[in-house]
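> Need coordinates for the below:
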Amino acid sequence: MLSLVVLISGGGSNLRALLEAQSSADFPARIVAVGADNDADGLAHAEEFGIPTFTVSPTSYPTRAAWGDELLSQIETWNPDLTVCAGFMRILPPRVVAALSPQLINTHPALLPAFPGAHAVRDALAAGATETGVTVHIVDEGVDTGPIIVQESVAVEPHDTEESLHERIKTIERRLLTQAVLDIANNRVNLKELATA
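Predicted structure coming up:
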């Protein structure tokens, strides 16, 4: 059974998808804790499913490195097989990445390497892209630069707003993240091999 710590910053729709997937007895992964960088609304999903939570706010620490060290300490308390950034909107400090990667994955609302960073959906619209999508990737020390696990494209419709496009992307993102965790748990994806390929 693959154990997961999931990190969130917002509403936690990707977290919810994983929680619902694991409620099936044959799903080979279990979330052992959920962490956040603020009092995120999505923590309520974890509480509903009886999953322990922790919050490590950057504003409580004198440096980004100190925040990262405490976040890492909280994650390592649970000794997870995999840490999942599911809508976690902060770049992890190098020490955190070094300690956890390649067993550290992220979802991103674009077809990387196109449109990295925090405003991927807005950037795709601004660039006049006719296609964007979802990427699940290993986190490395860059911003959305790690090895790609899986991707799926999403067409940009002529009438799309940032909100409407993002909603369609989120639907794919939830399914793709759940599938990626399933594939990792069933050894169909080997993160160590992928990271050194």
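
> now the least confident helix or strand in the chain by mean pLDDT, how far from the chain's geometric center?
Within the chain, no helix or strand scores below helix 191-196, which has a mean of 94 by mean pLDDT, DSSP states H and E. Mean-position distance between helix 191-196 and its chain equals 18 Å (Cα atoms, centre = their mean, to the nearest Å).

> quick one: buried residues of that helix?
191, 194 (16 or more other Cβ atoms under 10 Å). To be clear about C-beta, it is placed using only N, CA and C from the backbone, and glycine gets the same treatment.

> same question, stretch 171-180
If you call a residue buried by 16+ other Cβ under 10 Å, then stretch 171-180 has these buried ones: 172-174, 176-180.

> want to throw these into JSON lines with distance to Glu163?
Shown next, in JSON lines, are those (distance: Cβ to Cβ, whole Å):
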{"residue": "Ile172", "distance to Glu163": "16"}
{"residue": "Glu173", "distance to Glu163": "15"}
{"residue": "Arg174", "distance to Glu163": "17"}
{"residue": "Leu176", "distance to Glu163": "20"}
{"residue": "Leu177", "distance to Glu163": "20"}
{"residue": "Thr178", "distance to Glu163": "23"}
{"residue": "Gln179", "distance to Glu163": "25"}
{"residue": "Ala180", "distance to Glu163": "25"}
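
> Among those residues, which lie within strands?
In this view, those have no member that belongs to strands under DSSP state E.

> Of these, which is the nearest to Ser60?
Ranked by distance to Ser60 (Cβ to Cβ), those are led by Leu177 at 28.5 Å.

> List the residues that contact the closest one.
Taking Cβ atoms under 8 Å, 6 or more residues apart in numbering, we find Leu177 in contact with 14, 17-18, 84, 86, 107, 136.

> Identify those among these that sit within helices.
14, 17-18 (DSSP state H).

> and of those residues, the nearest to Gly42?
Minimum separation from Gly42 among the ones in helices among the contacts of Leu177 (Cβ to Cβ) is found for Asn14, which lies at 8.6 Å.

> returning to that earlier point: okay if I get the ones in helices among the contacts of Leu177 as a markdown table plus distance to Ala118, neighbour count and pLDDT?
Below are the ones in helices among the contacts of Leu177 laid out as a markdown table (distance: Cβ to Cβ, whole Å; neighbours: other Cβ atoms under 10 Å; pLDDT from 0 to 100):
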| residue | distance to Ala118 | neighbour count | pLDDT |
| --- | --- | --- | --- |
| Asn14 | 16 | 25 | 97 |
| Ala17 | 21 | 21 | 97 |
| Leu18 | 22 | 25 | 97 |
